[in-house]
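Enquirer: Need the 3D shape of this:
(2 chains)
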Number of protein chains: 2
Amino acid sequence: MMGSMARSSSGESVLTRAVRVLEAFSPQEPVLTVSQISRRAALPMATTVRLVEELTRHGLLARDEQRRVRIGNRLWELAQRASPVGTLRETAMQFMSDLHSVVGHSAQLGILDGQEVLFIERLIAPGAVTTVTRIGGRLPLHASSAGLVLLAHAPADLRDRVLRGPLQPYTPHTITDQRALRAALAEVRQNGFALCPGHIRPNATGISVPVRVAGRVVAALGLVVPNEEHAWSLARPLQITGMALGRALDVQAGLSQRIQPWIQP
Amino acid sequence: MMGSMARSSSGESVLTRAVRVLEAFSPQEPVLTVSQISRRAALPMATTVRLVEELTRHGLLARDEQRRVRIGNRLWELAQRASPVGTLRETAMQFMSDLHSVVGHSAQLGILDGQEVLFIERLIAPGAVTTVTRIGGRLPLHASSAGLVLLAHAPADLRDRVLRGPLQPYTPHTITDQRALRAALAEVRQNGFALCPGHIRPNATGISVPVRVAGRVVAALGLVVPNEEHAWSLARPLQITGMALGRALDVQAGLSQRIQPWIQP
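Expert: Numbering: from 1, shown residues only, chains lettered A, B, ... in the order given. All right, here's what the predicted structure looks like:
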């Protein structure tokens, strides 16, 4: 069974260890020394040196002039060029840009990945209220407006799993009660949008709508506005933009097999 | 020396073969069956099955309902979250969006990667002249306006290597002569922009400017316009945008170690 999949004495495969090396990098620390990688990936130094060498040879990592290590352009390129996320982002960005030019505020696009929202695009308004999201960042489903939209339209078994908790609070306004969450999801389905004043940060309100392709919700499009704003008034232009993006994606889906459901189990 | 790096009978490491599996996917064919992957990666079927299984377990690949395979969200996320490309794109997109709202036309951002331009962002104008570039796509340095900008400011040894050729023609207007290319690069340095009417496609003109961080050219920002347009008139707003983007990146570079030179050797 093992065949060509070599495993270390700890039973881990080379690929598992390589993924651990890649996971050592974060937006906060995108540049690491080999010994930092070794510590963070909990791998012996010799193994780390060899893995970093080989990953660098493939362009998945790169070294700077001080021999410090970072993610290589090639990894980005491999992930980008055939990823369904890339197509969705590229189309969404045009609609987000239009939305932003009409209503202002920061816009963001999230997809369901596992039990979280994965944010794949954002457009930051100058002087905007700070958001906790970033491209490639994640938020739990119960706490964010994008999460409520995705959860409201998720398969029943995922919904049940999230409802069973735990529902971690971020502020006193985060929904942490199973019954309240169930009611909020019903409201999202009924209203066509989710509004979360102060659920993640006291000073920010998130508002999100579903994006549908062939009738199926594939993403949540949202705005982050200051908590004092009359956020309700933004629901309509946001809903229209979400629908328009869905229409454009529908057309593309008809033209190409590139558009697949982005929700990965 | 081999240690934990297992090699197949052909001497290839697991990582090399895993990279070959990832490389089997392309924007034209983002969804493949395992046997298609096996053929494209030139790997035995049994090896391919095992690699696909393990890459899927790590989320680097994903399977759809018909068990066909595609690039997984996790690969995109790993590449995105700590990649210097991500930061550059996110800042650039705001300036590209402003540029687009003022002058129209499709905008794109390229970086030097090896001996090619790697396009990391683009904004497509509705009804725009078709461009051959796409996000994650590449063009040779001598033929594209972005390439001329990056080559004009590249280290002398890379410039010499490209000048020695071969310089592949795309249209009768592509620069394919060493002396003409040397003159064009001097002109780019002098004028502050590169203009390539019909160099890649007869009906399109590319125009690009350098983006500098701490005085060093890290990217080329460009527009693609119909060949009949008076493209010269776009040089000024494009130059101003390129400079403004450089200023913003300079500020970010001062604030964080995230901004690194994106040029990877």
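
Enquirer: Settle this for me: A:R164 is touching A:Q178, isn't it.
Expert: Yes: A:R164 lies in contact with A:Q178 (C-beta atoms under 8 Å); the separation is 7.4 Å. C-beta: built from backbone N, CA, C; applies to glycine.

Enquirer: So which residues of the stretch 151-265 of chain A form helices?
Expert: In the stretch 151-265 of chain A, the segments counted as helices under DSSP state H, counting those that start in this stretch are A:156-163, A:178-191, A:235-255.

Enquirer: now those as CSV including mean pLDDT, mean neighbour count and distance to chain B?
Expert: What follows is these, written out as CSV (pLDDT from 0 to 100; neighbours: other C-beta atoms under 10 Å in any protein chain shown; distance: least, C-beta to the nearest C-beta, whole Å):
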stretch, mean pLDDT, mean neighbour count, distance to chain B
helix A:156-163, 94, 14, 16
helix A:178-191, 96, 15, 23
helix A:235-255, 86, 17, 11
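
Enquirer: Distance to B:V49 added to these, as a markdown table?
Expert: A markdown table is the format used below for the helices of the stretch 151-265 of chain A (distance: least, C-beta to C-beta, whole Å):
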| stretch | distance to B:V49 |
| --- | --- |
| helix A:156-163 | 28 |
| helix A:178-191 | 40 |
| helix A:235-255 | 29 |
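
Enquirer: Between these, which one is closest to B:P237.
Expert: Ranking the helices of the stretch 151-265 of chain A by their distance to B:P237 (criterion: C-beta to C-beta) puts helix A:235-255 first, at 27.2 Å.

Enquirer: Tell me the helices and strands packed up against that closest one.
Expert: Contacts defined by 3 or more C-beta pairs under 8 Å, 6 or more residues apart in numbering or on different chains; DSSP states H and E place helix A:235-255 against helix A:84-103, strand A:204-213, strand A:216-226.

Enquirer: looking at these, which is closest to chain B?
Expert: In this view, the helices and strands packed on helix A:235-255 are compared for proximity to chain B by C-beta to the nearest C-beta, and helix A:84-103 is the closest at 4.8 Å.

Enquirer: Show the subsequent helix or strand relative to the closest one.
Expert: strand A:106-113 (DSSP states H and E).

Enquirer: tell me what that following strand is packed against?
Expert: Strand A:106-113 packs on helix A:84-103, strand A:116-123, helix A:145-152, strand A:216-226, helix B:73-81, going by 3+ C-beta pairs under 8 Å, 6+ apart.

Enquirer: hmm, try it at 6 Å
Expert: In terms of contacts (3 or more C-beta pairs under 6 Å, 6 or more residues apart in numbering or on different chains; DSSP states H and E), strand A:106-113 is packed against helix A:84-103, strand A:116-123, strand A:216-226.

Enquirer: Could you give the average pLDDT over the second one?
Expert: Mean pLDDT, taken over the full extent of strand A:116-123, equals 87.

Enquirer: ok, and what's touching it?
Expert: Applying C-beta atoms under 6 Å, 6 or more residues apart in numbering or on different chains, the contact partners of strand A:116-123 are A:85, A:89, A:92-93, A:96, A:100, A:107-111, A:133, A:135, A:137-140, A:144, A:146-147.

Enquirer: Report the buried members of the residues you listed.
Expert: For the contacts of strand A:116-123, a burial check counting by 16 or more other C-beta atoms under 10 Å in any protein chain shown picks out A:85, A:89, A:92-93, A:96, A:100, A:107-111, A:133, A:135, A:137-140, A:144, A:146-147.

Enquirer: returning to what we had before: can you put the helices and strands packed on helix A:235-255 in TSV and add mean pLDDT and distance to chain B?
Expert: Converted to TSV, the helices and strands packed on helix A:235-255 look like this (pLDDT from 0 to 100; distance: least, C-beta to the nearest C-beta, whole Å):
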stretch	mean pLDDT	distance to chain B
helix A:84-103	81	5
strand A:204-213	93	14
strand A:216-226	92	12
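
Enquirer: In JSON lines, list the ones you listed along with distance to B:A62.
Expert: Compiled in JSON lines, the helices and strands packed on helix A:235-255 are given as follows (distance: least, C-beta to C-beta, whole Å):
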{"stretch": "helix A:84-103", "distance to B:A62": "9"}
{"stretch": "strand A:204-213", "distance to B:A62": "17"}
{"stretch": "strand A:216-226", "distance to B:A62": "14"}
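
Enquirer: Surely A:L221 and A:I207 touch.
Expert: No: using C-beta atoms under 6 Å, A:L221 is not in contact with A:I207, being 9.8 Å away.

Enquirer: if we can go back for a sec, can you redo the helices and strands packed on strand A:106-113 as a markdown table with distance to B:L158?
Expert: As requested, the helices and strands packed on strand A:106-113 are exported to a markdown table (distance: least, C-beta to C-beta, whole Å):
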| stretch | distance to B:L158 |
| --- | --- |
| helix A:84-103 | 28 |
| strand A:116-123 | 33 |
| strand A:216-226 | 41 |
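
Enquirer: Out of the ones you listed, the one nearest B:C196 is which?
Expert: Once C-beta to C-beta is applied to the helices and strands packed on strand A:106-113, the stretch that comes out nearest is helix A:84-103, at 23.6 Å.

Enquirer: how many degrees apart are that closest one and strand B:116-123 in direction?
Expert: Interaxial angle of helix A:84-103 relative to strand B:116-123 (axes from the mean of the first three to the mean of the last three C-alpha atoms, to 10 degrees): 40 degrees.

Enquirer: Helix A:84-103 - contacts with which helices or strands?
Expert: Here helix A:84-103 touches strand A:106-113, strand A:116-123, helix A:235-255, going by 3+ C-beta pairs under 6 Å, 6+ apart.

Enquirer: quick one: buried residues of that helix?
Expert: Under the neighbour-count criterion of 16+ other C-beta under 10 Å, helix A:84-103 has A:84-100, A:103 buried.

Enquirer: pLDDT on the strand or helix carrying A:E54, on average?
Expert: Applying DSSP H and E as the criterion places A:E54 in helix A:45-57. Per-residue pLDDT over helix A:45-57 has a mean of 95.

Enquirer: anything in it near chain B?
Expert: Yes: interface with chain B: helix A:45-57 contributes A:47, A:50, A:54 (C-beta under 6 Å from any C-beta of the partner chain).

Enquirer: Tell me how far A:T33 lies from A:A24.
Expert: The gap separating A:T33 from A:A24 is 11 Å, by C-beta to C-beta, to the nearest Å.

Enquirer: So the two - more neighbours on which side?
Expert: Using other C-beta atoms under 10 Å in any protein chain shown as the criterion, A:T33 and A:A24 rank with A:A24 on top: 20 against 13.

Enquirer: Please tell me how far the residue nearest to the spatial centre of chain A sits from B:F193.
Expert: Residue closest to the average C-alpha location in chain A (C-alpha atoms, centre = their mean): A:L118, at 1.5 Å. Here A:L118 is placed at a distance of 38 Å from B:F193 (C-beta to C-beta).
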